[in-house]
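Student: Give me a model of this one.
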Amino acid sequence: MKTSFSQQVKNELLQIEYENACCQKALLYGMCLFGKSFSSMGISLQTENEGIAKLYKKLIRLYCNIRCDIKVSPKGRSYSINISEKSDCDKILGLFGHNRTGSLKIDHNNLQCDNCMHAFLAGVFLSCGTVSDPKKDYHLEFTVPYLNLSKSLVTLLSEADLSPKTSNRKGYNIVYFKGSESIEDCLYLMGASSSMFEMMNVEIVKDIRNKANRTANCETANISRIVKASSKHLLAIEKIKKEKGLDFLKPDLKEIAVLRYDNPDSSLADLAEMSGLSRSGVNHRLQRILEIAENLK
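Tutor: The predicted model follows:
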């Protein structure tokens, strides 16, 4: 089965090797804080990506010395890790400074170096992020279960010169980006530079196609106008020719009538160049021919 662009981004994030332990811890913090639940009652993560579940399990073991199992759904489409022992939950909460009461928000003390924020955002995306295929749409979002936590994420992203939007969907708080440039910046910030460049390439191809389509549509419209105008002229010339003969016209009108008759696909600009007249001069004479044909009984 073909991997979605969203899973491609997540797989790229899973390949990042962080040199500093603080960044690896910040990655785990993002995964835990924005997982399915994060409280003394239970800490859990649910994902469709087995690699994410394995990384979560590994980091929980490394930094908290807690062993946990990965549960696979009956159809093998999702993987979940549930930590329900209160002592284990308190150990994880304590590690990240969340053993106090109050609403959840990002504790910046867990982002110790400049690269920690990048690792943290990668963890957030691994837990609750999705991004659309840029060939179809431009949309990246984080689905956050807690309102104050979503506000805290908006603040963090804003401090990184990003401007996310927010909405609510089925009780979940959505922090999202719609513009391609904002999504590319967010992907780069998380460390998914390869996916960012792929998205930029898709955008370039789209832009070229759109310009080509606009040009083709413009040319089609111009041709349609030329054909429409030309058919009116030809009908008028045919009528005069049939009923009076072209010698009925004054020499200057006869000259332009013959030129138009012989060049039915040419624009007024083309006829002007052939005749040595201005475009308005050609148009004026053709209008006179239309009037003469109109007045013929």
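
Student: which residues of this structure fall in strands?
Tutor: For the chain, the strands defined by DSSP state E occupy 37-39, 42-47, 71-72, 79-83, 129-131, 140-144, 165-169, 172-177.

Student: Let me have these in JSON lines, adding mean neighbour count as columns.
Tutor: From N, CA and C alone the C-beta is placed, and that goes for glycine too. Shown next, in JSON lines, are these (neighbours: other Cβ atoms under 10 Å):
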{"stretch": "strand 37-39", "mean neighbour count": "18"}
{"stretch": "strand 42-47", "mean neighbour count": "21"}
{"stretch": "strand 71-72", "mean neighbour count": "13"}
{"stretch": "strand 79-83", "mean neighbour count": "20"}
{"stretch": "strand 129-131", "mean neighbour count": "23"}
{"stretch": "strand 140-144", "mean neighbour count": "23"}
{"stretch": "strand 165-169", "mean neighbour count": "12"}
{"stretch": "strand 172-177", "mean neighbour count": "20"}
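
Student: would you list those strands in a markdown table and tack on mean pLDDT and distance to residue 19?
Tutor: Formatted as a markdown table, the strands of the chain follow (pLDDT from 0 to 100; distance: least, Cβ to Cβ, whole Å):
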| stretch | mean pLDDT | distance to residue 19 |
| --- | --- | --- |
| strand 37-39 | 90 | 27 |
| strand 42-47 | 92 | 25 |
| strand 71-72 | 92 | 32 |
| strand 79-83 | 93 | 26 |
| strand 129-131 | 94 | 23 |
| strand 140-144 | 95 | 26 |
| strand 165-169 | 92 | 34 |
| strand 172-177 | 93 | 28 |
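
Student: Could I get those in TSV, plus columns for distance to residue 26?
Tutor: Shown next, in TSV, are the strands of the chain (distance: least, Cβ to Cβ, whole Å):
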stretch	distance to residue 26
strand 37-39	15
strand 42-47	16
strand 71-72	26
strand 79-83	19
strand 129-131	16
strand 140-144	16
strand 165-169	23
strand 172-177	18
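
Student: Might you list the low-confidence residue ranges for this structure?
Tutor: Scanning the chain for pLDDT under 70 picks out the ranges 1, 101-102, 219, 222-224, 226-227, 229, 297.

Student: Leaving out chain neighbours, which residue sits closest to residue 45?
Tutor: Residue nearest to residue 45 in three dimensions, not counting chain neighbours: residue 35, with 4.0 Å by Cβ to Cβ, 6 or more residues apart in numbering.

Student: And for the one you found, the neighbour number?
Tutor: 23 (other Cβ atoms under 10 Å).

Student: Could you do the one 5 residues further on as well?
Tutor: Neighbours of residue 40 under the rule other Cβ under 10 Å: 15.

Student: Correct me if wrong: it contacts residue 88.
Tutor: No - applying Cβ atoms under 8 Å as the test, residue 40 and residue 88 come out as separate, 10.0 Å apart.

Student: what's the longest helix in this protein?
Tutor: When the chain is parsed with DSSP state H, its longest helix is helix 193-243.

Student: Report all helices and strands that that helix contacts.
Tutor: Here helix 193-243 touches helix 5-14, helix 180-190, helix 251-262, helix 279-295, going by 3 or more Cβ pairs under 8 Å, 6 or more residues apart in numbering; DSSP states H and E.

Student: among the ones you listed, which is nearest residue 53?
Tutor: helix 5-14 (10.7 Å; Cβ to Cβ).

Student: Between strand 42-47 and that closest one, find me the angle.
Tutor: Interaxial angle, helix 5-14 versus strand 42-47 (axes from the mean of the first three to the mean of the last three Cα atoms, to 10 degrees): 120 degrees.

Student: between helix 5-14 and helix 193-243, how many degrees?
Tutor: Going by the same axes, to 10 degrees, helix 5-14 makes 150 degrees with helix 193-243.

Student: related to what we said a few turns ago, quick one: contacts for the residue nearest to residue 45?
Tutor: Residue 35 makes contact with 43-46, 56, 127-128, according to Cβ atoms under 8 Å, 6 or more residues apart in numbering.
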